[in-house]
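Engineer: Structure of the sequence below:
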Amino acid sequence: MNNKNEKIIVIRDLPYEANELYRRHSFDPKIERFIDSFKPVEKRNAQMEAKINEYVEKFKSLTGISPNLVVWSDGYYCDGSKTVKVEYKRGYEEAAHATLQHEDKTSAFLDIFSSETIEIEITGNENFAVLVIENGQPFIANFHIKIGEGASANILEWFGSLPGNGSLVALSNSVDLAAEAKCNLVVFHNEGDSTTVIGKNNFLAMKNALLKTSSIYTGGEMIKLTNTFTGIGEGAECEAVEIAFTSNEQRFDILSNIAAVGRRTKAVLESKAIAMDNSKCILKGFAYVDKNAFDSMSYVYQRGIILNSGANIDSLPEMKIENRNVKASHSSATAPIDKNKLFYMESRGIGEADATKLLIDGFLAESIAKLGDISYKKLALGLIENKFLHGADGEVASTTKDLWLNEGQGDARAIEEGLDKLYKYKR
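Structural biologist: So this is what the prediction gives:
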């Protein structure tokens, strides 16, 4: 099989999900429509580079964050850091033999159309920011991030779009932590409202490594991603936080797998979703504990708030435990926004929109507090506020308000309990 038509047939015949349950709860991004648009870039486009530079300057102005690496379909540039190197992976016509080995459509698509891998290697203590900008041409952002033994990294990945016609962003992201390494990775998906996002993210933590990830999904017409977090070395910890906020007609389909493989490992998934208008969100959380993972801990925590009758959130937690000497649990709950709390705040002179926004802030407070850097928190709150008040996707927004969101403070449960007590006094 060595022509593109045969490869397209293979992609079309594969399912998006290998798991039968997940197939029944799934959105189809129809990636076949982008296949003919993939083509190698023959020369750099100066006009496009000027638009990219304008976007980057706006991002820096609004967030105070200077990116180390900027990637788009026509090219990339970095700040001269020795941390980044780009390696040729393989051409479009050379990957056909690997396609038949895949069980799902996304993996086959990524394998066929990936051409370059951007390697980011961190060996000391470093802050690193990456901007991936969709500019109307489908492309694959293929990253391999290596955190060396004992190294510490604070990494931002921002996915955005230039104004105009949307296209496809396909993401292939691998993050490997060596022994004793630490990494705080914050990912924002804020693509334009006509952009489709697909991809696979794989995270691997070795002995005593600590991986913390926070993913904020606000943009894109459709997002379909699979994240896999594996604590393979003894004492490794993987903590994944997800925030999804859908509006208008958006469709988000996010599968996150957490695996405790080594002894005394910790694998945690915390997912929160808010849906408004006619949007739909599917959160799939799967936890696996290996037979050799003695004294390990794993849990999946999913919560959702529905703001409108036309919106919907499906949360699907699952576990597979192969060792009895572990602590493991999962929980899931989704409900409409609490009308009693809204009534109480409105009776105290707070407008409905402001009251709803306060409840949203309280619901997300714990998760946003875990972002670490204050600029990330401001960026997250700005995007959420912009989306709730204006239904805006794809715009860079950062709040200018004073923040009280420090990790360990601003506990969302405390806020909920406080409102409950106040409401009881009203009775």
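Engineer: CA atoms for contacts and neighbours, from now on please.
Structural biologist: Fine.
Engineer: The residue most central in space within the chain bridge partners, please.
Structural biologist: Centroid-nearest residue in the chain: residue 215, 3.7 Å away (criterion: CA atoms, centre = their mean). Going by DSSP bridges, residue 215 is paired in beta bridges with residue 187, residue 242.
Engineer: Show me what whichever strand or helix holds residue 212 is packed against.
Structural biologist: If you go by DSSP states H and E, residue 212 is part of strand 210-217. Judged by 3 or more CA pairs under 8 Å, 6 or more residues apart in numbering; DSSP states H and E, the packing partners of strand 210-217 are strand 182-189, strand 237-246.
Engineer: Please work out which residues outside the last one touch it.
Structural biologist: When contacts are taken as CA atoms under 8 Å, 6 or more residues apart in numbering, the neighbours of strand 237-246 outside the stretch itself are 205, 208-219, 229-231, 252, 258, 265-276, 279-281, 364, 367, 384.
Engineer: same thing with the shortest one?
Structural biologist: With CA under 8 Å, 6+ apart as the test, strand 182-189 has contacts from 147, 150-160, 177, 209-220, 371-372, 376.
Engineer: Residue 311 contacts residue 279, correct?
Structural biologist: Yes: here residue 311 reaches residue 279: they are 5.0 Å apart, a contact under CA atoms under 8 Å.
Engineer: tally of neighbours for residue 353?
Structural biologist: Per other CA atoms under 10 Å, the neighbour tally for residue 353 reads 12.
Engineer: Which other helices and strands does the helix or strand containing it contact?
Structural biologist: Using DSSP H and E, residue 353 maps to helix 352-369. When contacts are defined as 3+ CA pairs under 8 Å, 6+ apart, helix 352-369 packs onto strand 237-246, helix 339-347, helix 374-390, helix 412-426.
Engineer: okay if I get those as TSV plus mean neighbour count?
Structural biologist: Listed next are these as TSV, based on neighbours: other CA atoms under 10 Å:
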stretch	mean neighbour count
strand 237-246	24
helix 339-347	16
helix 374-390	20
helix 412-426	13
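Engineer: Select, out of those, the one closest to residue 294.
Structural biologist: strand 237-246 (14.0 Å; CA to CA).
Engineer: what angle separates the closest one from strand 210-217?
Structural biologist: Strand 237-246 runs at 10 degrees relative to strand 210-217, counting by axes from the mean of the first three to the mean of the last three CA atoms, to 10 degrees.
Engineer: quick one: strands adjacent to the helix or strand that comes right after strand 237-246?
Structural biologist: Using DSSP H and E, the helix or strand that directly follows strand 237-246 along the chain is strand 251-260. Applying DSSP bridges, strand 251-260 is found paired with strand 222-231 (parallel), strand 280-289 (parallel).
Engineer: Mean pLDDT added to those, as a markdown table?
Structural biologist: Converted to a markdown table, those look like this (pLDDT from 0 to 100):
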| stretch | mean pLDDT |
| --- | --- |
| strand 222-231 | 94 |
| strand 280-289 | 95 |
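Engineer: any chance of the ones you listed in JSON lines, plus mean neighbour count and distance to residue 123?
Structural biologist: Output for these, formatted as JSON lines (neighbours: other CA atoms under 10 Å; distance: least, CA to CA, whole Å):
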{"stretch": "strand 222-231", "mean neighbour count": "23", "distance to residue 123": "20"}
{"stretch": "strand 280-289", "mean neighbour count": "24", "distance to residue 123": "30"}
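Engineer: Quick one: the ones you listed as a markdown table, columns for distance to residue 127 too.
Structural biologist: Output for these, formatted as a markdown table (distance: least, CA to CA, whole Å):
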| stretch | distance to residue 127 |
| --- | --- |
| strand 222-231 | 22 |
| strand 280-289 | 29 |
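Engineer: Select, out of those strands, the one closest to residue 397.
Structural biologist: Proximity to residue 397, assessed across the strands paired with strand 251-260 by CA to CA, is greatest for strand 222-231 (20.1 Å).
Engineer: about what we covered before: among the strands paired with strand 251-260, which comes closest to residue 49?
Structural biologist: Among the strands paired with strand 251-260, the nearest to residue 49 by CA to CA is strand 222-231 (26.0 Å).
Engineer: so the closest residue in space to residue 163 that isn't next to it in sequence is in which element?
Structural biologist: Excluding the flanking residues, the one nearest residue 163 by CA to CA, 6 or more residues apart in numbering is residue 192, at 7.3 Å. Under DSSP H and E, no helix or strand contains residue 192.
Engineer: Next: residue 299.
Structural biologist: Going by DSSP H and E, residue 299 is part of strand 297-306.
Engineer: ok and that strand relative to strand 251-260, angle-wise?
Structural biologist: With the same axes, to 10 degrees defining the directions, strand 297-306 sits at 160 degrees from strand 251-260.
Engineer: Name the surrounding residues that touch strand 297-306.
Structural biologist: 258-260, 264-276, 283, 285-289, 312-313, 315, 317, 326-337.
Engineer: Flag every buried residue along the helix or strand following that strand.
Structural biologist: Proceeding N to C from strand 297-306, the next assigned helix or strand is strand 312-321, under DSSP H and E. Neighbour-count burial for strand 312-321 flags 312, 313, 314, 315, 316, 317, 318, 319, 321 (criterion: 16 or more other CA atoms under 10 Å).
Engineer: wait, isn't the third one in contact with residue 283?
Structural biologist: Yes: the criterion here is CA under 8 Å, and residue 314 meets it with residue 283 at 6.2 Å.
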